[in-house]
Structures are given as C-alpha cells and as structure tokens.
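[1] Build me a model from this:
(chains A and B, ligands or ions: 2)
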Amino acid sequence: MTDTSAPLYEVRNISKSYGSVIALDNASLAVRAGEVVGLVGDNGAGKSTLVKALAGAHRPDSGQIFLDGIERHWASPHEALQAGVETLYQESSLAPHLSVSANVFLGREIVSPGLLGKLGFLAQKKMDAEAHADLERVGIAVPASNRPVSQLSGGQRQAVAIGRTVSWARKVIILDEPTNHLGARQSKEVLQVIRAAKAKGLGVIFISHTLPHILEVTDRIVVLRLGKIVKDAPTSDFDVDTLLGTITGLLV
Amino acid sequence: MALTESPELAPGANPRPPASPESHSTPLSERLTGFLTNQQTILLLVLIGMVVVFSILNPIFFSLDVFGNVLLDWGPVALIAVAETFVIISGGIDLSVGATLGFSGVIAAYAMQAMTAAGMGDSITILCGTLVAAATGMFVGFVNSLLINRLHLVPFIATLATLGAAGGMSIVLTGGAPVGDGPQSAIDLSVPWLGPLSWPLIVVIVVVIIAGLFLHKARFGRYTYAIGSNPFAALAAGINVKRHLTKIYVLSGLLSGLAGMFLYIRLGSGAPTSGVGDELDAIAAVVIGGVALAGGIGRMSGTVLGSLILATVTSGLIIIGVEPNWKQVVVAILIAAAVSLQALRANGKRS
Ligand SMILES: Nc1ncnc2c1ncn2[C@@H]1O[C@H](COP(=O)(O)OP(=O)(O)OP(=O)(O)O)[C@@H](O)[C@H]1O
Ligand SMILES: [Mg+2]
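    Numbering: from 1, shown residues only, chains lettered A, B, ... in the order given. Ligands and ions are numbered 1, 2, ... in the order given. Modelled structure (predicted):
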C-alpha cells in the first residue's frame, strides 16, 4: 500500500473523559491519501468519541490533530469542514423539517446573484437541481430534492446523509456506521462509494460492526477496546475470527 | 446501479424517483385539496367568518373606523409575534417581549422628553425616539442571548429573568406613571390616511413582509429552521449556532422596541405598564398561526393571520357587548383547535 507516504490526517495520543468515564485513552490513528482505514470495536469502545474529535465536534482533553502535517485545533465542526474533512455522524445530523436539498446544502447555501445574494437570499432552484445531481452522482437513493427529510424512510435519510458527506469531501471522509438503516444491497453500494472515494485520493475512515464489510473494503484496521487502541495492522493480517477475537479481547 | 427508493422502505412514498426535481410537481386536483386543508386557508376562513359574525351581530363593526382600531391594536402585537415566530421556530421562547416593549417605550419617552425640553423639532425627536426604542430593545435581546449562550440558561428561564428585570425597571424609573411631555405631533401619526392605515401601521406591514422574506427565502431563516429542527445538525453542518441565536434574540428585542415606539405614538406617552402580558398574546397568535413550540415548524403568513384573529376577537367581543374577559376563553379554544389540527395533520402525514 501507500504506507510509506506521510499521513494525510492524524491524531496523536487523544484522550477524552466524560466525568468518570474514560472514553478515549491515548488513542492515535492516521489515514493516508487514497487509504481506507477501518475503525472497529465493541459498543462503547470510543469510536464515535474519536470521530467527534476528528470532526471538530468535540474538543479532546489532550492530544494533537494534524492535517497535511500541520497541527490543527478545531474550535468547531465548521473549521474541519472548511479544511476538507467531512463526517457522517452516527446520530442523525439531518434537520428533519428541512428539505433534502436544504440539508445537502446546509451551511453552504448557494445565494442569488447580486444584492439579494449579499443579503443571504437563496438560489433554491439551483440548490434543488445540484443536490439532485450530487445524490445521483454518488449513486445513492435519490429522493426528490424538495421533500422534507421527515417524510423519508430511515434508509433514504441515511442515503442523503452519506451523499452529502461524500459530495462535499475534499480530503478526508469519516463514516461512522454508514450502513445503519440500509438494506444488504444498499450497504454494498456504500462500499462502492468508499472505493470511489479512495480512487479519488481521499483518506477514508470507515466504522462498522459488520466485519465482512470492514475486511472487504479497508486497507488497514484499527481496533479500539475500552478507549485504547489495541491493534493497528494491515487488513491482510486479519480474518473474521481473528478480528472478532481482537475486538472482544479474547485473542491478542 | 444506484440505490433506488424502494416501496418497502418508504410506504406511501413515490416509488419512482423523478428524473429531475422540476418534474416533481403535484397535480392540480391534489394542489387544490392541499390548499383547502392548508392551515393558512383555515385561518383565513376563520378570520373572515369572525368579521362576518361580528358585523351581523353589530353592524357598526363593519366600518373603516373599527378596522382602523383593530389594526392599531394589532400593530404592536404583530411586531412581537413576528419576533416570537423566529424565536420559537429556532426552538426557543422569548417571554421578555412584552416587558421589553414597555421598557423601550419608557426609555424612548425620556429621550424624547429631554429633546423636546431642549427645543428640538418633532420630526427629529420622533426619529431619535424610534432609534432609542430600537436600541433599548436590542440591548435586552443581547442580554437574553448572553444568558442563553454564555450562562447556558434555557430560553424560558433567561427571558423570564429579563421580563422581570425590564418590567421592574420600567416601574422603578417612572414610579408607575406614564412619561409624557414629548413631541406634540407624535400622536397625529396614528391618524389613518391610506384607508384604515396610518404611518406606524405601514411600517409594521413593511417589517412583517421583510421578516417573512428573510424567514422563508434567505439563509437567515434557513438557519433558524435548522437550529429548531435539530441543533446538532446545524452545528455539524458548520453553522455558528450561538451567533445565529444571538441574532435572533437581538432581532426579537429590536422588534419589541419598535412595538414600544408604536404604542408611544398611539398614546402620546411611554407607559411602564404597556406591554404587560403581551408576550402571552404574541405566543398565542404564533401558536394559532401554526408555529410549533418544539421548533422547526411555522410560517410567517400563519403568524400574521393568528395575530389578526386575536385582534379581531378582542375588538369584536367588546363591540357586540360581550363581557371582555370572554376573550381569554375564545383564545384558549382557538389555541386548542390550532394545536389539535396540527397534531391531526402530522399523524395524517405519517400514516
Ligand atoms: N455525551 C456523552 N456523555 C457521557 N458519556 C458518553 C457520551 N458519549 C459517549 N459516552 C461514553 O463514552 C464511551 C464511548 O462511547 P462511544 O459513543 O464513543 O462508543 P462507540 O465505540 O461509538 O460505541 P457504538 O459502537 O455503540 O457506537 C461510552 O462508555 C459512552 O457511554
Ligand atoms: Mg458509535
């Protein structure tokens, strides 16, 4: 693989506690351009906590974050998004009362030309059409752009969220259990989306409890247990049994 | 192959994705039934029905004079109802709008009293008074936003605190008496010249239209809905949620201040007790208009109709000779009807 190149996105010795619960304990992880890293671990292992630190949604208690070798201190998700790091969170990050296109463009609206645009008036038709094209290009379920998200099925919502993440990503994509709510065929589509992102040279961090998916699409696997990284190795070192053993701690 | 919308995944949903968003237009018949069950349409019919009933029971009701008076009652409530629309759609509530209205009116009255005593002209004095009222309101709104963003008070508590503070200060400053001796011609501004409309009402109508455009057509409104719909989604999308909430509460204060100036012009003085309890009228108007207290839902047209219905009921009951306190009962029934209608529609959509 591209193991010898410098990491694109990296965290070093991240720790984070919620009161007395230590969610992350000196965790380090790196992803290179064009690499897919699988992040696995039991429920409560700390995966989503790590994701939120990477996305700028949480400030870790300690540790460092580097993008392109430059240290970053994300004060908000806005800064990480600006830098090209897109995140699909495990919990819903769609606004249910807004339309599909309003969600795809949330925080990055296209405004009308001229003075109206300066006042923040929206080019709604343009966003509807572009959101539609974006979702189609990503190859995910394409609900009508003007439908409110609250009227979509769970799978369609997830598809919109993935489509948005993938469409905007410029450097890094973090996907926290993207196949949630998706059927078997749709989950395969997500794996295809991950491969396409890799081919474009993006760094991908993929979290899933479906170990065959992890084994199928990743280059490297990082295993978290009780907030600690217990294994970081090329995917070829694992099969389902050894991976499961590493996650549960029955096999080290 | 793309993931397609499957009927199993989405019962009742359009099983075939449209080729383009433009092709997703609803047929005319569907639009017509949609129009008739639309909450705004029902509100409009209720409003027209009320005017008809009041006019039959007392023909005096159907006159330009009475409409003018209904609109003068409506003006300040409309301004704070617009404020409440933004706040409630964002998932908050502003209990301080009424107290801020009174407080801004008092502070502006002192400013105008001083300018008049100094021999300044009426026009410049009224203009400055308006700016002082607006600034005072914005200050209270800014305090609200600090309490919410920095001290992490929930909006209910934060604005309850400023309700008490602004209301109390109005009384302390004035000793409870109205502050007059301002520009003589202020009160003349309330004289209608365009049908039932006077200058302050024209300003209110312009403000309502601009506010509606910003709520429904601009980024400002989009962020307001997003925050009320799912605050985490707004944050995750890179929206500066705290900054946007600050803008919303400052806007709410600004509109309350303008409402205070409206009442000053109508009464010719700044009364510390004006605005007391008006927050409940504003919230009632907004809820009748279809804004959900949970946030994320509502339209400016609903707020306009809700506040018009409220003003019509208030005057209408007096004119047909009903004991005025029945108003509370009628408003209660309207609120219950509006909210249960929303719940029915929400259930209908889901099933
Ligand atoms: N907001 C929070 N407040 C308090 N504790 C939290 C919070 N979020 C997570 N935790 C705790 O931190 C630990 C790690 O949680 P995290 O969500 O990162 O796990 P995860 O690996 O993503 O699990 P899952 O596979 O179930 O999604 C858990 O013990 C959890 O209870
Ligand atoms: Mg998780």
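[2] which parts of stretch A:95-110 are buried?
    A:95-107, A:109-110 (16 or more other C-beta atoms under 10 Å in any protein chain shown). (C-beta placed from N, C-alpha, C; glycine too.)
[3] where exactly do the strands run in the stretch 151-300 of chain B?
    Assigned strands in the stretch 151-300 of chain B: none (criterion: DSSP state E, counting those that start in this stretch).
[4] residue in it nearest to ligand 1?
    Nearest residue of the stretch 151-300 of chain B to ligand 1, counting by C-beta to the nearest ligand atom: B:Phe232, 11.2 Å away.
[5] Identify the residues contacting A:Thr246.
    By C-beta atoms under 8 Å, 6 or more residues apart in numbering or on different chains, the contact list for A:Thr246 reads A:Val223, A:Val230, A:Lys231, A:Phe238, A:Val252.
[6] Would you mind measuring from the first one to chain B?
    Same thing as A:Val223. The gap separating A:Val223 from chain B is 26 Å, by C-beta to the nearest C-beta, to the nearest Å.
[7] for the fourth one, same thing?
    From A:Phe238 across to chain B, the span is 28 Å (C-beta to the nearest C-beta).
[8] Is the residue of the stretch 151-300 of chain B closest to ligand 1 in contact with A:Ser93, as I believe?
    Yes: using C-beta atoms under 8 Å, B:Phe232 is in contact with A:Ser93, at 6.1 Å.
[9] ok, those two, which is more surrounded?
    Ranked by neighbour count (other C-beta atoms under 10 Å in any protein chain shown), B:Phe232 and A:Ser93 place A:Ser93 first, with 24 against 17.
[10] tell me the contacts of that one?
    A:Ala161, B:Asn230, B:Phe232, B:Ala233, B:Ala236, B:Ala237.
[11] Of the residues you listed, which is the most crowded?
    B:Ala236 (29 neighbours).
[12] Just give the nearest non-adjacent residue to it, would you?
    Spatial nearest neighbour of B:Ala236, excluding adjacent residues (C-beta to C-beta, 6 or more residues apart in numbering or on different chains): A:Ser93 at 4.1 Å.
[13] In a helix, the one you found, correct?
    No: secondary structure assignment (DSSP: H, G, I helix; E, B strand; the rest coil) places A:Ser93 in coil, not in a helix.
[14] any idea which helix or strand comes after the helix or strand bottoming out on mean pLDDT in chain B?
    Ranked by mean pLDDT, DSSP states H and E, the weakest helix or strand in chain B is helix B:28-37, scoring a mean of 58. Once the chain leaves helix B:28-37, the next helix or strand it forms, by DSSP states H and E, is helix B:39-57.
[15] what's the pLDDT at A:Pro77?
    What the model reports for A:Pro77 is a pLDDT of 96.
[16] Ligand 1 versus the closest residue to it other than its chain neighbours, what's the distance?
    Once flanking residues are discounted, A:Pro77 sits nearest to A:Gly56: 4.6 Å by C-beta to C-beta, 6+ apart. Separation of A:Gly56 from ligand 1 (C-beta to the nearest ligand atom, to the nearest Å) stands at 16 Å.
[17] and chain A, what are its domains?
    A:1-84+A:169-252, A:99-168 (automatic domain parsing).
[18] Could you point out which residue ranges in the stretch 201-350 of chain B have low pLDDT?
    By pLDDT under 70, the weakly predicted segments of the stretch 201-350 of chain B are B:348-350.
[19] For chain A, which residues score under the pLDDT cut-off?
    Checking chain A against pLDDT under 70 turns up A:1-4, A:251-252.
[20] ok, which residues in it are in contact with ligand 1?
    Residues of chain A lying close to ligand 1 by C-beta under 6 Å from any ligand atom are A:Tyr18, A:Val21, A:Ala23, A:Gly41, A:Asn43, A:Gly44, A:Ala45, A:Gly46, A:Lys47, A:Ser48, A:Thr49, A:Gln90.
[21] Please name the residues that touch the closest residue to B:Val291 other than its chain neighbours.
    Distances taken as C-beta to C-beta, 6+ apart place B:Gly298 nearest to B:Val291, at 3.1 Å, with adjacent residues excluded. By C-beta under 8 Å, 6+ apart, the contact set of B:Gly298 is B:Thr85, B:Ile88, B:Ile89, B:Val286, B:Gly289, B:Gly290, B:Val291, B:Ala292.
[22] Kindly report the same for B:Thr273.
    With contact set as C-beta under 8 Å, 6+ apart, B:Thr273 has these partners: B:Gly102, B:Ser170, B:Ile171, B:Gly176.
[23] With B:Lys247 instead?
    B:Phe220.
[24] Quick check: it vs B:Met138, distance?
    The gap separating B:Lys247 from B:Met138 is 11 Å, by C-beta to C-beta, to the nearest Å.
[25] what are the ranges of the helices in chain B?
    B:28-37, B:39-57, B:64-89, B:97-117, B:122-149, B:155-174, B:199-217, B:219-229, B:231-236, B:241-267, B:278-288, B:300-319, B:326-350 (DSSP state H).
[26] And for the stretch 101-250 of chain A?
    Remark: helices assigned in the stretch 101-250 of chain A by DSSP state H, counting those that start in this stretch are A:114-118, A:124-138, A:154-168, A:184-199, A:211-217, A:240-248.
[27] Around A:Ser20, how many other residues sit close by?
    By other C-beta under 10 Å, the burial measure for A:Ser20, its neighbour count, is 5.
[28] ok, the contacts of A:Thr246 vs ligand 1, which is closest?
    With C-beta to the nearest ligand atom as the yardstick, the closest approach to ligand 1 among these comes from A:Val223, at 11.1 Å.
[29] give the contact list for the residue found closest to that closest one once you drop the neighbours it is linked to in the chain.
    Leaving aside its chain neighbours, A:Val223 sits nearest to A:Lys231 (4.1 Å; criterion: C-beta to C-beta, 6+ apart). Counting by C-beta under 8 Å, 6+ apart, A:Lys231 touches A:Ile221, A:Val222, A:Val223, A:Thr246.
[30] So what pairs up with the second one in the strands?
    Each beta-bridge partner of A:Val222 is listed here, defined by DSSP bridges: A:Leu39, A:Asp232.
[31] how close does it get to A:Lys47?
    A:Val222 is 9 Å from A:Lys47, by C-beta to C-beta.
[32] what residues do the two have in common as contacts?
    With C-beta under 8 Å, 6+ apart as the test, A:Val222 and A:Lys47 both reach A:Leu39, A:Val40.
[33] Which residue is the nearest non-sequential neighbour of B:Ala218?
    Using C-beta to C-beta, 6+ apart, the closest residue to B:Ala218 is A:Gly120 (4.3 Å).
[34] which ones are touching the nearest residue to A:Leu244 once chain neighbours are set aside?
    Closest residue to A:Leu244 apart from its sequence neighbours, by C-beta to C-beta, 6+ apart: A:Leu211 at 6.5 Å. By C-beta under 8 Å, 6+ apart, the contact set of A:Leu211 is A:Val40, A:Val240, A:Leu243, A:Leu244.
[35] again with A:Gly227
    A:Ile22, A:Ala23, A:Leu24, A:Asp25, A:Ala27, A:Ala45, A:Gly46, A:Thr49.
[36] buried subset of those residues?
    Buried among the contacts of A:Gly227 (16+ other C-beta under 10 Å): A:Ile22, A:Ala23, A:Leu24, A:Asp25, A:Ala27, A:Ala45, A:Gly46, A:Thr49.
[37] returning to what we had before: among the contacts of A:Lys231, which one lies nearest to B:Leu197?
    A:Val222 (68.5 Å; C-beta to C-beta).
[38] what's the burial count for the closest one?
    24.
[39] Am I right that it is in contact with A:Val36?
    No: counting by C-beta under 8 Å, A:Val222 stays clear of A:Val36, with 11.4 Å between them.
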